[in-house]
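Chemist: can't give you the sequence, but here's the structure:
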């Protein structure tokens, strides 16, 4: 990683506000939590509790059910859907399923670009998070998933966007390492 490159955890800042916990996210605090309906915050808090207790499969199932209900109620292109799908990505990451986690984060970055626009700060932060998540992916999956990431960030932000340039540089670096390793084996 370059010294000047800022690190964004793939899940953002996991705080009570991330999960939408109503008792821990003050009402006077501006931000996306204010737009999340109370029932969704309560259900997300239950998912968070299950995850914190180590019941990741239960949390994933609860998140799946909530996702299904929220998408049916609000439609597939709604910020409430984005919130729950980001949680699903975070849960997949916690379970070590990097490809699924990256898939959810790419999906939500695209949704944010559609709903909020590609230049919206939330969209830009979402693409930085997915880039940071990708950097944690095991080497055997990194190139394939990095290609997906590069396509997504290029579609959202353009080929010269900082996240696209960083992704391209990292992909080139991975390709060089893989070529060197293949040469050494021959």
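Modeler: Thanks, I have the structure now. On a predicted model such as this, the values are computed, not experimentally measured, just so you know. Numbers count the residues shown, from 1 in each chain.

Chemist: CA atoms for contacts and neighbours, from now on please.
Modeler: Will do.

Chemist: where do the helices of the chain begin and end?
Modeler: 16-19, 38-52, 56-74, 79-94, 98-116, 121-134, 139-157, 162-185 (DSSP state H).

Chemist: show me where pLDDT drops low in this structure?
Modeler: By pLDDT under 70, the low-scoring segments of the chain are 1-36, 181-183, 186.

Chemist: one step back: can you put the helices of the chain in JSON lines and add mean neighbour count?
Modeler: Listed next are those as JSON lines, based on neighbours: other Cα atoms under 10 Å:
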{"stretch": "helix 16-19", "mean neighbour count": "20"}
{"stretch": "helix 38-52", "mean neighbour count": "18"}
{"stretch": "helix 56-74", "mean neighbour count": "16"}
{"stretch": "helix 79-94", "mean neighbour count": "23"}
{"stretch": "helix 98-116", "mean neighbour count": "21"}
{"stretch": "helix 121-134", "mean neighbour count": "22"}
{"stretch": "helix 139-157", "mean neighbour count": "17"}
{"stretch": "helix 162-185", "mean neighbour count": "14"}
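
Chemist: just the terminal-to-terminal distance for stretch 65-81.
Modeler: Across stretch 65-81, the terminal residues are separated by 12 Å (Cα to Cα, to the nearest Å).

Chemist: can you list phi and psi of residue 135 for me?
Modeler: Residue 135 adopts backbone torsions of phi -70, psi -20, taken as degrees, to the nearest 10.

Chemist: so what's it up against?
Modeler: residue 142 (Cα atoms under 8 Å, 6 or more residues apart in numbering).

Chemist: isn't residue 91 right up against residue 60?
Modeler: Yes: counting by Cα atoms under 8 Å, residue 60 is a contact partner of residue 91 at 6.4 Å.

Chemist: ok, residues contacting stretch 154-173?
Modeler: 110, 113, 118-119, 127-128, 131, 143, 146-147, 149-150, 153.

Chemist: how about the residue nearest the centre of the chain, what does it touch?
Modeler: In the chain, the centroid-proximal residue (Cα atoms, centre = their mean) is residue 105; its distance is 3.1 Å. By Cα under 8 Å, 6+ apart, the residues touching residue 105 are 85-86, 89, 126, 129-130.

Chemist: look up how far residue 131 lies from residue 56.
Modeler: Distance of residue 56 to residue 131, computed by Cα to Cα: 24 Å.
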